[in-house]
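Visitor: got a sequence here, can you build the structure:
(one chain, ligands or ions: 2)
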Amino acid sequence: MEEKQGKPVEPKYVVLLGPPGAGKGTQAARLRENMDLPHIASGDLFREHLKNKTDLGLKANAFMERGELVPDDVTIAMVVDRLSRPDCVRGALLDGFPRTIAQAEALDRALAGDGRKIGVVPCITVPDEVLVERLSDRWLCPICGELYHVLFSPPRQPGVCDNDGGELYQRDDDKPETVRNRLAVYWEQTSPLIDHYTRRGILVEINGDQPIDMVQADLRAAVAGNPG
Ligand code: AP5
Ligand code: MG
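Guide: Residues are numbered from 1 along each chain as shown. Ligands and ions are numbered 1, 2, ... in the order given. The predicted model follows:
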């Protein structure tokens with residue numbers, strides 16, 4: 001365990017739960033500035049692999065383009081490997097993982113192996129019809145990953161990233177029919193995690209259907225209220 005001014009600092013593992021489009025990526029980017037922890041997003045890791053044309057990326061993409069979950073064995077191995085890196089000893093912000101009970105159990109085992117555990121699971125909730133609207137107008141920067149929305153967080157210049165001038169693009173899986181499948185998959189395979197973490201007393205529900213800064217304030221309060 002790390003020490004700060006002679007006192008041991010508990011590592012902090014935060015699992016951001018919530019349906020596609022709830023704002024997990026948007027909020028994690030802001031929380032990360034505040035908490036100085038690595039942001040580990042399984043979807044971003046898969047997209048990075050695909051960009052580099054690795055076998056893992058090509059395999060994952062076959063599932064992602066249909067809006068289905070990538071099989072547990074592949075996903076667990078990738079995230080557990082990422083968590084074993086030195087920058088995760090003080091904790092991590094997990095976004096989009098776990099997404100099944102099997103992944104949640106594997107995460108517990110991986111953390112427990114080093115005497116670590118999940119501190120808090122904020123679950124960002126947003127009505128389904130709002131999610132579809134958010135995803136159909138989401139734009140991303142290919143260079144820094146900054147997220148924009150045409151109406152809710154537009155770039156200063158349309159189509160251009162504020163940070164580095166990157167040409168914004170839309171994700172292939174944000175087509176309306178794929179979004180609908182991703183939502184169905186969330187309710188079928190991922191939502192059982194809400195009960196799972198509620199029973200453990202670490203789930204905090206966050207209203208995601210409010211302005212981005214207000215969601216962030218609620219999240220920071222939830223994380224601060226749970227020492228990890
Ligand atoms: P992943 O990349 O994780 O996608 P997702 O869960 O579908 O979530 P999104 O990234 O679409 O939404 P988000 O909650 O991050 O919202 P965002 O902040 O961008 O996964 C993609 C695929 O990879 C999966 O379908 C699966 O195939 C595979 N995969 C990944 N992890 C896996 C796993 N563990 N197991 C198996 N397979 C896995 O916000 C959305 C938009 O809304 C943005 O435009 C934003 O600007 C806007 N917005 C955000 N907050 C607000 C607000 N409060 N008000 C108004 N607008 C807002
Ligand atoms: Mg995301």
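Visitor: which bits of this structure sit near ligand 1?
Guide: 18, 20-26, 41-43, 46, 63-64, 67-70, 75, 96-97, 99, 103, 134-135, 138, 147-149, 152-153, 173, 182, 208, 211-212, 215 (Cβ under 6 Å from any ligand atom). Where you see a C-beta, it was placed from the backbone N, CA and C, and this is true even at glycine.
Visitor: go with 5 Å
Guide: Neighbours of ligand 1 within the chain, by Cβ under 5 Å from any ligand atom: 20-26, 42-43, 63-64, 69-70, 75, 96-97, 99, 134, 138, 147, 149, 152-153, 182, 212, 215.
Visitor: show me the residue at the heart of the protein, geometrically.
Guide: Centroid-nearest residue in the chain: residue 95, 1.8 Å away (criterion: Cα atoms, centre = their mean).
Visitor: leaving out the residues flanking it, which one is nearest to that residue?
Guide: Of all residues not flanking residue 95 in the chain, residue 41 sits nearest, at 4.1 Å (Cβ to Cβ, 6 or more residues apart in numbering).
Visitor: pretty sure the one you found sits against residue 96.
Guide: Yes - between residue 41 and residue 96 there is a contact at 5.3 Å, judged by Cβ atoms under 8 Å.
Visitor: what residues are shared contacts of these two?
Guide: Listed as contacting both residue 41 and residue 96 by Cβ atoms under 8 Å, 6 or more residues apart in numbering are residue 24.
Visitor: how would you label residue 206: helix, strand or coil?
Guide: Three-state assignment for residue 206 (DSSP: H, G, I helix; E, B strand; the rest coil): strand.
Visitor: for it, list each beta-bridge partner.
Guide: Legend: beta-bridge partners of residue 206 under DSSP bridges are residue 124.
Visitor: quick one on the thing from earlier: measure the residue nearest to residue 95 to residue 112 for me?
Guide: For residue 41, the distance to residue 112 (Cβ to Cβ, to the nearest Å) stands at 23 Å.
Visitor: compare those two (neighbour count), which wins?
Guide: Higher neighbour count among residue 41 and residue 112: residue 41, with 22 against 10, using other Cβ atoms under 10 Å.
Visitor: wait, what's in contact with the more buried one?
Guide: The contact partners of residue 41, taken as Cβ under 8 Å, 6+ apart, are 24, 25, 28, 95, 96, 97.
Visitor: the first one contacts residue 16, doesn't it?
Guide: By that I understand residue 24. Yes - using Cβ under 8 Å, residue 24 makes contact with residue 16 at a distance of 4.5 Å.
Visitor: tell me which element the one residue in the chain that gets nearest to ligand 1 is part of?
Guide: Nearest residue of the chain to ligand 1, counting by Cβ to the nearest ligand atom: residue 43, 1.9 Å away. Here residue 43 sits within helix 42-51, counting by DSSP states H and E.
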